[in-house]
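Peer 1: the following block contains a protein sequence and its predicted model.
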Amino acid sequence: MSSRALRRLKGKQRGQEALDLGYLQLDVGEEATELGEEDEKDEGPLEPAKKSSSRKAKKNKTQKNLSNIYELICDAETETEKPTDEELGVSLGHLDSEESKEKRDSQETEKGERQPEPETEPCNVGSKASRKKKRKKKKTTAGDTQQVEAAGDDIDALLETIEKTNGISYQNESCGSSDNRSVLYVEHKNLNPETELKRYFGARAVLGDQRPRQRQRQFHRSTWMTVLKDTWPRFSRPGISMSLLESREGLQYFTFEHNRDYQQVQFKFLDAVESMDPNNIVALLQMNPYHIDSLLQLSDVCRIQEDQEMARDLVERALYSFECAFHPVFSLTSGTSRLGYLRPENRAFYLALFKHMMFLEKRGCPRTALEYCKLILSLDPENDPLCMLLLVDYLALRSREYSALIRLYEEWEVHRNLSQLPNFAFSVALAYYHLSQQDDMVQSESARMKQKSDQLLQTALIMFPSVLMPLLDLCTVQPDATVSSHVFFGPKSQMGQPPALNELVSLYVGRSYALWKEGGVMVWLEGNVGEVLRRVDSKDPFVEDCENKRKLRYQSAPRNIHRHVILSEIKEATATLPLEVTTQPLMGFDPLPPLDSVVSYTRPERQNGAASSESTLSLFFRSLLPNFNLQGGVRPEDDREVARAGRELNQEVNRLMVAMRDMLANIQFQEPPREDNPERDEEEWD
């Protein structure tokens, strides 16, 4: 019996059936498929317990469609507005025919009025269940793909998950936000300078024609700091490896190691350096293209010869060689990996990172340089062998990371006394000032920031008065007569300060003077200088207290500050280095090595005594002409004392020759006038 005849026997007319709310909550596509399935079963026997099973299925379907809480809120809002029969008919435009409406009415009657019969048709039940399973699979796979895509967008979350699986946990892993991360946390994406350049100029301007070329390139190992270039030699492991020494208090201590082959290459490199001929280093690199110290030393030679592109490329090649030797547990981002500077094998990694950071800063990528600065500082934050605390404030101000600089100052001030460094004393005040000038800042908060900046700047000027006059001089600003003639900021403040403080002040002024050239900053500085003079004239006890602190502290600078000044190459600071630093020989691949170095292998003594037996005249010509070879025979010296005296003489002559080369390099010869110059003096060359 058909459904229409069954409805007529029941006495039901069209439009008298009770509406099923669960049916109205179905989607249009699902309702159409349900109608199609019911049409196929109109002529067949009725299924048992269809009412309860259909409602459970509909309930499960509505729950399956909810992927987040916002969709649940939207469904709750739509349930309050129940659609009418007319609206439902409009939404089902493709079923507006009279026959489809009758089928829909019949199906509603069957849902509410049919009684279960003992006989069932297993084929229909199986087909319907299989179709429902297919629809559920499609929905679940679609939901999974959406979740994977959403997770793929958050690269930092994926990296954090990967590093946690490797056994590395962040110091603050309660939340992935930047506020709960360590102050030395390094982001992988910010280690790539292209990320910052794309932000400035766009991806099209940065990448250019690289996209079609990447399809033809071969696949190489994925690295974070550098990328293997097609112009580099074929990479082969040079013999460097990294080992885990110990894990203590949540920190992992690593060290690089050299195998026997690399040690032999290192000995040849030391011989090439002593020959004072860069061609010997080039020949060594041709045989060993990824030797670290040779790459760094030749990079310095290229930089002196103003070949910046080649110098930067050599440093990147050294970093790539290091990164390929990383331990699987070593992390660049967590801030929990430590690398001791006392081992000579580890110092080259510090120097390569520092040189790469300086190239990035000169290239116009201060945000990327800041990440490398935090990376170097995180390798040994207690000792800070390269004294990165003298540089991190400058890079933070240049990259406009004011909040990060203030956070570092507040967290480390208790145990590191950062306010006693001139660069932090002035830079933190400048960071508060820039935050107070932002447009999105609330007026009350802006006033509080401005008051805080005034207080910090006045404290910095009272503690370090010798900063003002050199700073104004480099900024080409003529100070007021009352300021220049005052005793507090006059020449007496610069001449009477300790040598270590003079070195710190010269370093800060020579590096950061460009940050004070803005007009608003100068007006702010001028107002606070006047307030400081008023406090000095009124005999403020804080002024005398700061003067006593300056006399007691800053007597001698530690070795890491001297090392930082040498690597920074700032003229104002280099001139303030003490004699015990400038008189000793400085090697570019290892400037000012620690006095308590941990040596894992030593260089064997050379058998020939040619270097100690050469005469002073031959040493003189050899220092001027590195390719000079003595033609005559060498008289052997058997006495050890004479050999030791010869080596000392060799060192003294080398120092003298360095000074002579510098003098000869500064001599400028005037070119003779050309014939086409009508104004030349005829009697000048007679």
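Peer 2: Thanks, I have the structure now. Residues are numbered from 1 along each chain as shown.

Peer 1: what lies in contact with stretch 243-251?
Peer 2: Outside stretch 243-251, the residues that touch it by CB atoms under 8 Å, 6 or more residues apart in numbering are Ser169, Gln171, Gln252, Tyr253, Phe254, Thr255, Glu257, His327, Val329, Thr336, Ser337, Arg338. Where C-beta positions appear, they are placed from N, C-alpha and C, glycine not excepted.

Peer 1: check the secondary structure at the third one for me.
Peer 2: It refers to Gln252. strand (DSSP: H, G, I helix; E, B strand; the rest coil).

Peer 1: re the thing from before, buried ones among the contacts of stretch 243-251?
Peer 2: For the contacts of stretch 243-251, a burial check counting by 16 or more other CB atoms under 10 Å picks out Gln252, Phe254, Thr255, Glu257, Val329, Thr336, Ser337, Arg338.

Peer 1: show me these that map onto helices.
Peer 2: In helices, judged by DSSP state H, none of these are found.

Peer 1: which two among the contacts of stretch 243-251 are spaced furthest apart?
Peer 2: Using CB to CB, the contacts of stretch 243-251 span at most 27.4 Å, a distance reached by Gln171 and Glu257.

Peer 1: would you map the strands across the chain?
Peer 2: Remark: strands assigned in the chain by DSSP state E are 240-248, 251-258, 337-339.

Peer 1: quick one: which of the ones you listed is nearest Thr602?
Peer 2: Thr602 sits nearest to strand 251-258 of all those, at 12.3 Å, using CB to CB.

Peer 1: who does the closest one pair up with?
Peer 2: strand 240-248 (antiparallel), strand 337-339 (parallel) (DSSP bridges).

Peer 1: now do the contacts for the residue nearest to Glu411 when sequence neighbours are not counted.
Peer 2: Spatial nearest neighbour of Glu411, excluding adjacent residues (CB to CB, 6 or more residues apart in numbering): Val183 at 5.6 Å. Residues in contact with Val183, defined by CB under 8 Å, 6+ apart, are Ala404, Arg407, Leu408, Glu411, Trp412.

Peer 1: how close does Val183 get to Tyr409?
Peer 2: Distance of Val183 to Tyr409, given as CB to CB, to the nearest Å: 10 Å.

Peer 1: dump the C-alpha coordinates for stretch 467-481 into PDB.
Peer 2: Output of stretch 467-481 as PDB, limited to C-alpha atoms (Å, rounded to 0.1, in the frame of the first residue of the first chain):
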ATOM      1  CA  VAL A 467      78.000  61.300  27.800                       C
ATOM      2  CA  LEU A 468      76.300  64.600  27.000                       C
ATOM      3  CA  MET A 469      78.900  66.700  25.300                       C
ATOM      4  CA  PRO A 470      80.400  64.000  23.000                       C
ATOM      5  CA  LEU A 471      76.800  63.000  22.100                       C
ATOM      6  CA  LEU A 472      75.900  66.500  21.100                       C
ATOM      7  CA  ASP A 473      79.200  66.900  19.200                       C
ATOM      8  CA  LEU A 474      78.500  63.800  17.000                       C
ATOM      9  CA  CYS A 475      74.900  64.900  16.500                       C
ATOM     10  CA  THR A 476      76.200  68.300  15.200                       C
ATOM     11  CA  VAL A 477      74.200  70.200  17.800                       C
ATOM     12  CA  GLN A 478      75.600  73.300  19.500                       C
ATOM     13  CA  PRO A 479      74.800  73.200  23.200                       C
ATOM     14  CA  ASP A 480      73.600  76.200  25.100                       C
ATOM     15  CA  ALA A 481      76.200  78.400  26.800                       C
END
